[in-house]
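[1] what follows is a predicted structure for the sequence shown.
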Amino acid sequence: MTAVGGLAGCSKGPDAPKPEPVPPRTAAVTGESDPKALATFCDKSWPGEGAVQPWGSGPATRQPAQSARGSWRWVNFWATWCAPCLEEMPMLGKWRDAFQKEGVPFELELWSVDEDEAKLRERVAQGLPAKVTWVQSPEALSDYLGKLGLDPDAMLPVQMLVDPKDQLRCVRVGSVHENDWGTVRKLIR
């Protein structure tokens, strides 16, 4: 089975409380992440200079990926058939907006592993909080996860945090919830 093959029940967590209000941010964005937050939130992380994982282009895609280099990027791997993936998308858009209001360059990227182009186009037409990059195949994501030392059969959604220097800092397998907002803010230092 691949990372997305036959997973009718993607990882799903309990309903979470609303995030705490976002105070203004005045510190400069350095591309560094909080090591404690990386260790507790991420399934795999690369803290600090010299211990980074180049993002490169991620898994192979069906069209060129449109990445906003120079910004923090939250890369969300999802599929139209994954209910938890769809449930968390509006929240991810709110997180992006909150960081941008704080003056933190932050982009959301949605990378779909759907194999059915018609279903993907239908979902995109309904509206999403960011542009979609279409992963070449579920196996492409599985291969990429394996190269990172993660389970190639991991369930969707999969979250990746890329720093402004284009270094992969964190991979989290599974959903994120509103109560993760404080931890995500610690990751972006």
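    Alright, I've got the coordinates.

[2] for the rest of this, base every contact and every neighbour count on C-alpha atoms.
    Noted.

[3] okay, now the unreliable bits of the protein?
    Regions of the chain meeting the criterion pLDDT under 70 cover residues 1-33, 48-52, 57, 64-68, 189.

[4] tell me where it has helices.
    For the chain, the helices identified by DSSP state H occupy 35-41, 83-101, 117-126, 138-147, 181-187, in order along the chain.

[5] contacting residues around Trp95?
    For Trp95, the contacting residues are Trp181, taking Cα atoms under 8 Å, 6 or more residues apart in numbering as the criterion.

[6] hang on, the earlier thing: dump the helices of the chain into CSV; add distance to Arg69 as well.
    Conversion of the helices of the chain to CSV gives the following (distance: least, Cα to Cα, whole Å):
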stretch, distance to Arg69
helix 35-41, 21
helix 83-101, 15
helix 117-126, 24
helix 138-147, 20
helix 181-187, 18
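
[7] which one of these lies nearest to Leu108?
    Each of the helices of the chain was checked against Leu108 via Cα to Cα, and the shortest separation belongs to helix 83-101, namely 6.3 Å.

[8] alpha carbons of that closest one, as CSV, please.
    The C-alpha atoms that make up helix 83-101 are tabulated as CSV, following Å, rounded to 0.1, in the frame of the first residue of the first chain:
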residue,chain,number,x,y,z
ALA,A,83,-12.1,14.0,5.2
PRO,A,84,-9.6,15.2,7.8
CYS,A,85,-7.6,16.8,5.0
LEU,A,86,-10.6,18.8,3.9
GLU,A,87,-11.6,19.7,7.4
GLU,A,88,-8.2,21.2,8.3
MET,A,89,-7.8,23.3,5.2
PRO,A,90,-9.8,26.4,6.3
MET,A,91,-7.8,26.5,9.5
LEU,A,92,-4.5,26.3,7.6
GLY,A,93,-5.7,29.3,5.6
LYS,A,94,-6.4,31.2,8.8
TRP,A,95,-3.0,30.3,10.1
ARG,A,96,-1.4,31.7,7.0
ASP,A,97,-3.4,34.9,7.3
ALA,A,98,-2.5,35.3,11.0
PHE,A,99,1.2,35.0,10.2
GLN,A,100,1.0,37.4,7.4
LYS,A,101,-0.8,39.9,9.7
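
[9] quick one: buried residues of that helix?
    Residues 83-86, 88-89, 91-93, 95-99 are the ones in helix 83-101 that count as buried (16 or more other Cα atoms under 10 Å).
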